[in-house]
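Colleague: next comes the sequence, and after it the predicted model I'd like to discuss.
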Amino acid sequence: MSAASSGPAVAVIGGGIVGLATAAYLAEGGARVTVFEREAIAAGASGRNSGVVQHPFDPALVPLYHETVAAYRRLAEAAPDLGFALPAVSAGLLLVAHGPGVVTALGAHLRASVPELDVEVLDPTTLRALEPSVAEGVHALRVPIAYPVVPAAPTYAWANRAERLGVAIRLGRSASPAFIGDRVAGVAVDGRREPADAVVVAAGPWSAALCDPTGRWRPIRPLWGVVVETLLADPPGHVIEEAAMDVALGTGELAIQAGEGRDDPTETPETSLVTAAGATAVGSTFLEAEPDPPAWTERILARAATFVPGVADAPIRETRACARPLSADGRPLVGRIPWADGLYLCSGHGPWGITTGPASGRQIADLVLGRDAAIPAVFDPARFRHA
């Protein structure tokens, strides 16, 4: 383990945004921390997402969003040489649809559920005046709560911050909790046990399997997204998402209420466009099985072009896939694992990893360090029964 201080030795499994932010907060609190990552920093959803920090709409997640935005600001101010900072001003989010019904219904839903948001319904003429890249006849809901970022940049910033605090980051090391009786005694790596006083599992969709190798407890599953990174000549200034993105928004009934039929998500992708550093990430899919990314490229672009026509002819930089760690109720699992003393979990953030993950990392770090973590009960892993 890292010898950065005389505090408790903590192993963190997972080198994504959640694991590295957790490691940094633990080190700030005096822990000796080692991060074990089986591949590379930001190898999963943390580096292969669309790249946007945005309001999650779920009231339970909103405090995590605000804390995360503040943490990013402090990170940039404390170490400007890390090369990452949120944009000073929100780009704004446009939730778009080809008819007015779903936009109107979604606007009413958001005003009722998240009343602090400044929600504006835009007709096609007003929308085109505001965002000329959008096709004629598109309706939208504008919400000023989205910050485009280069997808992996926040994770690398937390990795650099963690290393400066003395955290050891060991890449290419597949680790799992090691037990003596019902207590965690460290991690098993390359056939040997490395001692630790506590283990935090932050391994995305594979976290539940590490916490319970028997397979009886699986509240987190992978939900696969495919993103096509393009170089648009005149990209939208706003972040654009299809208003019927029920997996991301948690509002799957709205399209039906508005009288607009839903396409099969296993066949038709739902549109999102996020532009950062000159590249526009176009997506996305919500698939249970790991996809072949190139097989989805044309479907993703064809759907997106119905909202932003310039997508059709834009050069393609890459097509990538990632597995979002989605929990059974759409909210993260942050807390102790009840059947294993010294084992902690911080995962299940779904599409909100870079939006809420650092705040969750602070919560789990405080819990490990014996501080008042103030973790809401709705995030407790024990809400999912262990058979």
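Modeller: Thanks, I have the structure now. Numbers count the residues shown, from 1 in each chain.
Colleague: all helices of the stretch 1-150 of the chain, in order?
Modeller: 17-28, 45-48, 62-78, 100-113, 124-130 (DSSP state H, counting those that start in this stretch).
Colleague: got the buried residues for the last one?
Modeller: To tie it back to what came earlier, the one meant is helix 124-130. 124, 127-128, 130 (16 or more other C-beta atoms under 10 Å). Any C-beta I mention is one placed from the backbone N, CA and C, and that applies to glycine too.
Colleague: any stretches of this structure with poor pLDDT?
Modeller: Low-confidence segments of the chain (pLDDT under 70): 1-5, 244-267.
Colleague: domain map for it?
Modeller: Domain assignment for the chain by automatic domain parsing gives 9-82+152-219+329-383, 93-144+221-327.
Colleague: tell me which of the ones you listed is the most buried.
Modeller: Ranked by mean neighbour count, the domains of the chain are led by domain 9-82+152-219+329-383 with a mean of 21 (mean count of other C-beta atoms under 10 Å).
Colleague: with adjacent residues omitted, what lies nearest to T230?
Modeller: Ranked by C-beta to C-beta, 6 or more residues apart in numbering and with sequence neighbours excluded, the top spatial neighbour of T230 is A314, at 4.1 Å.
Colleague: so that neighbour is in contact with E229, correct?
Modeller: No: between A314 and E229 there is no contact under C-beta atoms under 8 Å: 9.8 Å.
Colleague: got any residues that touch both of the two?
Modeller: T280 (C-beta atoms under 8 Å, 6 or more residues apart in numbering).
Colleague: returning to what we had before: so what's the residue nearest to T230 up against?
Modeller: 230-233, 280, 301.
Colleague: 10 Å instead, please
Modeller: 228-235, 280, 282, 301, 304-305, 308 (C-beta atoms under 10 Å, 6 or more residues apart in numbering).
Colleague: only alpha carbons, please: show stretch 273-287 as CSV.
Modeller: The C-alpha coordinates for stretch 273-287 follow below in CSV (Å, rounded to 0.1, in the frame of the first residue of the first chain):
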residue,chain,number,x,y,z
LEU,A,273,-24.9,15.6,-29.3
VAL,A,274,-22.2,17.1,-27.1
THR,A,275,-19.4,19.3,-28.5
ALA,A,276,-16.1,19.8,-26.6
ALA,A,277,-12.6,20.8,-27.9
GLY,A,278,-13.9,20.8,-31.5
ALA,A,279,-15.3,17.2,-31.5
THR,A,280,-19.0,16.3,-31.3
ALA,A,281,-20.0,13.1,-29.6
VAL,A,282,-23.1,11.7,-31.2
GLY,A,283,-25.2,8.9,-29.6
SER,A,284,-26.5,7.0,-27.9
THR,A,285,-27.8,3.5,-27.3
PHE,A,286,-29.1,1.8,-24.2
LEU,A,287,-28.4,-1.9,-24.8
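Colleague: what's the spacing between that stretch and its chain's center?
Modeller: Between the mean C-alpha location of stretch 273-287 and the chain-wide mean there is a distance of 14 Å, by C-alpha atoms, centre = their mean, to the nearest Å.
Colleague: try stretch 43-59
Modeller: 3 Å.
Colleague: compute the first-to-last residue distance for it.
Modeller: 29 Å (C-alpha to C-alpha, to the nearest Å).
Colleague: the helices of the stretch 1-150 of the chain: which one's closest to A243?
Modeller: Evaluated over the helices of the stretch 1-150 of the chain, closeness to A243 peaks at helix 100-113, with 4.9 Å, by C-beta to C-beta.
Colleague: could you dump that closest one to PDB, C-alpha only?
Modeller: What follows is helix 100-113 as a C-alpha-only set of coordinates in PDB (Å, rounded to 0.1, in the frame of the first residue of the first chain):
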ATOM      1  CA  PRO A 100     -44.700  19.400 -29.400                       C
ATOM      2  CA  GLY A 101     -46.500  16.800 -27.200                       C
ATOM      3  CA  VAL A 102     -43.500  15.200 -25.500                       C
ATOM      4  CA  VAL A 103     -41.800  18.600 -25.000                       C
ATOM      5  CA  THR A 104     -44.800  20.000 -23.400                       C
ATOM      6  CA  ALA A 105     -45.300  17.000 -21.100                       C
ATOM      7  CA  LEU A 106     -41.600  16.900 -20.200                       C
ATOM      8  CA  GLY A 107     -41.600  20.600 -19.400                       C
ATOM      9  CA  ALA A 108     -44.600  20.200 -17.000                       C
ATOM     10  CA  HIS A 109     -42.900  17.200 -15.400                       C
ATOM     11  CA  LEU A 110     -39.600  19.100 -14.800                       C
ATOM     12  CA  ARG A 111     -41.400  22.200 -13.500                       C
ATOM     13  CA  ALA A 112     -43.200  20.000 -10.900                       C
ATOM     14  CA  SER A 113     -40.300  17.700  -9.900                       C
END
